[in-house]
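Participant: Structure for this input, please:
(one chain, ligands or ions: 1)
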Amino acid sequence: MNPAPLLRLHGVVKRFGGLTATDHATFDVLTGEVHALIGPNGAGKTTLIHQISGALAPDAGRIEFDGRDVTGLPMHARVLGGLARSYQITSIFRRLSVLDNLALAVQARSGSSLRLWARAREERARYEQAAAVAQRVGLGARLGALAGALAHGEQRQLEVGLALATQPKLLLLDEPMAGMGPEESEQMVHLLQSLRGELTLLLVEHDMDAVFRLADRISTLVSGRIIASGSPQTIREHPEVKRAYLGDEMEEVSA
Ligand SMILES: Nc1ncnc2c1ncn2[C@@H]1O[C@H](COP(=O)(O)OP(=O)(O)OP(=O)(O)O)[C@@H](O)[C@H]1O
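Facilitator: Down below sits the predicted model:
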């Protein structure tokens, strides 16, 4: 039996003036899978991720998460429901340590921020969870380092940790390998591989080597529309996907 869909998009639309960024996008992300969203520059991938996270309201369509219609829910309600997005570097408090950043993210899960500074340091359990997440994302030896002093790849690991600290069912990742060298990318691929089975991942990524190594299924977005969803093999061989995006690139990605 196939796993149930954790996330379902039905005809999701976003218009910016005369431009239709997402154009009746429809696809499912199944529970437990690593799902990659690929497509050319400007296809609407980031816009779609914003709509799923709740940062942008769709002009039309429906988004279901974990059996509920979340289309009208604000972002924080989606986070509390288990839908987390790994934000790029902007979400990190650069003048706080790795551990403090993670402890704040653990605290955010409780939905309260008022008592943050008064209680965060006293709450041993929270810091223990934060340290466990740091270990999980490969930053176990960097707990006391200031986040702003981390290498680029480590900052991206921390971002994943901040999202994991909210204990999500689904983690949205927008270009987790962006700006990384080969060694850092490799580390991120390993980190994401290690999350397999723990939670569901939806990943936007241009690094096709990483995509084809990680993804159980892939959806291809072109001009705001999902033109194909399926296994890596199906996508690799899909004539329209090849024409619109992958082209000769696939010949370089090992089968
Ligand atoms: N806030 C905005 N206002 C106006 N137009 C926007 C806005 N955000 C995105 N767009 C436009 O919507 C289209 C889709 O952009 P989006 O960033 O979602 O594509 P993308 O697939 O993520 O691209 P890339 O792979 O280059 O990151 C583009 O034409 C972009 O210029």
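Participant: What separation do you get for whatever residue of the stretch 51-200 of the chain ends up closest to the ligand and His35?
Facilitator: In the stretch 51-200 of the chain, the residue that lies nearest the ligand is Glu175 (7.1 Å; CB to the nearest ligand atom). C-beta coordinates here come from the backbone N, C-alpha and C atoms, glycine included. According to CB to CB, to the nearest Å, Glu175 and His35 sit 15 Å apart.
Participant: mean confidence score for stretch 239-250?
Facilitator: Stretch 239-250 carries an average pLDDT of 78.
Participant: In that stretch, which residues are buried?
Facilitator: Using 16 or more other CB atoms under 10 Å as the test for burial, stretch 239-250 gives Val241, Lys242, Ala244, Tyr245, Leu246, Met250.
Participant: For Leu139, which non-adjacent residue is closest in space?
Facilitator: Nearest residue to Leu139 in three dimensions, chain neighbours excluded: Val98, at 5.3 Å (CB to CB, 6 or more residues apart in numbering).
Participant: and the one you found, what is it in contact with?
Facilitator: Residues near Val98 by CB atoms under 8 Å, 6 or more residues apart in numbering: Ala134, Leu139, Arg142, Leu143, Gly144, Ala145, Ala147, Leu150, Leu158, Gly161.
Participant: So the fifth one, which state does it fall into?
Facilitator: Classification of Gly144 by DSSP: H, G, I helix; E, B strand; the rest coil places it in coil.
Participant: show me the contacts for it.
Facilitator: Gly144 is in contact with Ser97, Val98, Leu99, counting by CB under 8 Å, 6+ apart.
Participant: Among those, which one sits closest to Leu19?
Facilitator: Val98 (39.6 Å; CB to CB).
Participant: Asn41 is in contact with Tyr245, correct?
Facilitator: No - if you go by CB atoms under 8 Å, Tyr245 and Asn41 don't touch, sitting 10.0 Å apart.
Participant: domains of this structure?
Facilitator: Taking automatic domain parsing as the domain assignment, the ranges for the chain are 1-82+168-255, 93-166.
Participant: Please, where are all the strands along this structure?
Facilitator: When assigned using DSSP state E, the strands of the chain occupy the ranges 5-16, 19-30, 34-38, 60-65, 68-69, 83-86, 170-174, 200-204, 217-222, 225-230.
Participant: Including mean neighbour count and mean pLDDT, could the ones you listed go into a markdown table?
Facilitator: Putting those into a markdown table (neighbours: other CB atoms under 10 Å; pLDDT from 0 to 100) gives the following:
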| stretch | mean neighbour count | mean pLDDT |
| --- | --- | --- |
| strand 5-16 | 18 | 98 |
| strand 19-30 | 19 | 97 |
| strand 34-38 | 25 | 97 |
| strand 60-65 | 18 | 98 |
| strand 68-69 | 12 | 96 |
| strand 83-86 | 26 | 88 |
| strand 170-174 | 24 | 95 |
| strand 200-204 | 24 | 97 |
| strand 217-222 | 24 | 96 |
| strand 225-230 | 18 | 96 |
